[in-house]
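Colleague: from the sequence below, what's the structure:
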Amino acid sequence: MFGEKGLELVKEAARTHHSLIPFNEDVVRQTLEETRALWDANRTEVAETSAIGASITLRHAAIERNKRCLLAYLNHRVEKLRTMRWQFGAVLPEEMRMNLCEPEMEFFNKYNKALAGYMRAVGTDLTNDNAPPKSLYIEVRVKQDHGEIETADGEVVLLKKGTQHHLPRDLCEQLVMQGVLEHVVS
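Modeller: Coordinates of the predicted model:
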């Protein structure tokens, strides 16, 4: 039946609401091939009969449905990428990066550059403090070796795996998002 592959893409997007699975290139390709075949059948029938009948209208409706399904699938993935930029920062975790196709990586990089350019223009980092802080300092545990960082007052802190530190929130919030540090709730 017409549009089954497109519907499969929409169902996949609905199932993966909280995660991003690998781009389903096979089903996207099959949906595009079906759409091209329907378009060619319509062109051939119109050339032969010079009239628009019920079969042409039905195929055209299937073409439009496939387009809507493909756009819904792609839009879902783009919105997940935007959300992940705010959630993880400028660097995506490797397991997320592996699920992206080349155009999605390109979109993420361009979105990242546009957001960074805007933040430079307005002079503030919009990715910090998504929620109002309860205190200016937080207790963090280092999950992986990161090296030294310098606080605003000039103190140098060595971030070595397994150590725990009391640091300014704005200094370590990005490292928490990247998975280098974890917030210790006392």
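Colleague: in the protein, which ranges drop under the pLDDT threshold?
Modeller: 129-130, 133, 186 (pLDDT under 70).
Colleague: give me the most central residue, this structure.
Modeller: Leu81 (1.3 Å; C-alpha atoms, centre = their mean).
Colleague: now for that residue: which residues touch it?
Modeller: When contacts are counted by C-beta atoms under 8 Å, 6 or more residues apart in numbering, Leu81 touches 20, 100, 104, 107-108, 111. Where you see a C-beta, it was placed from the backbone N, CA and C, and this is true even at glycine.
Colleague: make it 10 Å
Modeller: Taking C-beta atoms under 10 Å, 6 or more residues apart in numbering, we find Leu81 in contact with 20, 92, 96, 100, 104-105, 107-108, 111-112.
Colleague: relative to Asn75, how far out is it?
Modeller: 11 Å (C-beta to C-beta, to the nearest Å).
Colleague: pretty sure Met1 contacts Leu58?
Modeller: No: Met1 lies out of contact with Leu58 (C-beta atoms under 10 Å); the separation is 11.1 Å.
Colleague: the two: which is more packed in?
Modeller: More crowded of Met1 and Leu58, by other C-beta atoms under 10 Å: Leu58, with 13 against 5.
Colleague: you'd agree that one is in a strand?
Modeller: No: counting by DSSP: H, G, I helix; E, B strand; the rest coil, Leu58 is not part of a strand but helix.
Colleague: that one contacts Ile52, doesn't it?
Modeller: No: using C-beta under 10 Å, Leu58 is not in contact with Ile52; the gap is 11.0 Å.
Colleague: now the strands for this protein?
Modeller: Here the chain has its strands, by DSSP state E, at 137-142, 147-150, 156-159, 164-168, 181-183.
Colleague: nearest to Asp125, of those strands?
Modeller: strand 164-168 (13.6 Å; C-beta to C-beta).
Colleague: tilt between the closest one and strand 137-142?
Modeller: Relative orientation of strand 164-168 versus strand 137-142 (axes from the mean of the first three to the mean of the last three C-alpha atoms, to 10 degrees): 140 degrees.
Colleague: which other helices and strands does strand 164-168 contact?
Modeller: With contacts defined as 3 or more C-beta pairs under 10 Å, 6 or more residues apart in numbering; DSSP states H and E, strand 164-168 has these neighbours: strand 137-142, strand 156-159, helix 169-178, strand 181-183.
Colleague: redo those as CSV? Include distance to Val27 and mean neighbour count.
Modeller: Conversion of those to CSV gives the following (distance: least, C-beta to C-beta, whole Å; neighbours: other C-beta atoms under 10 Å):
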stretch, distance to Val27, mean neighbour count
strand 137-142, 42, 18
strand 156-159, 43, 14
helix 169-178, 32, 18
strand 181-183, 37, 17
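Colleague: including distance to Val122, could the ones you listed go into CSV?
Modeller: Converted to CSV, those look like this (distance: least, C-beta to C-beta, whole Å):
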stretch, distance to Val122
strand 137-142, 26
strand 156-159, 29
helix 169-178, 17
strand 181-183, 27
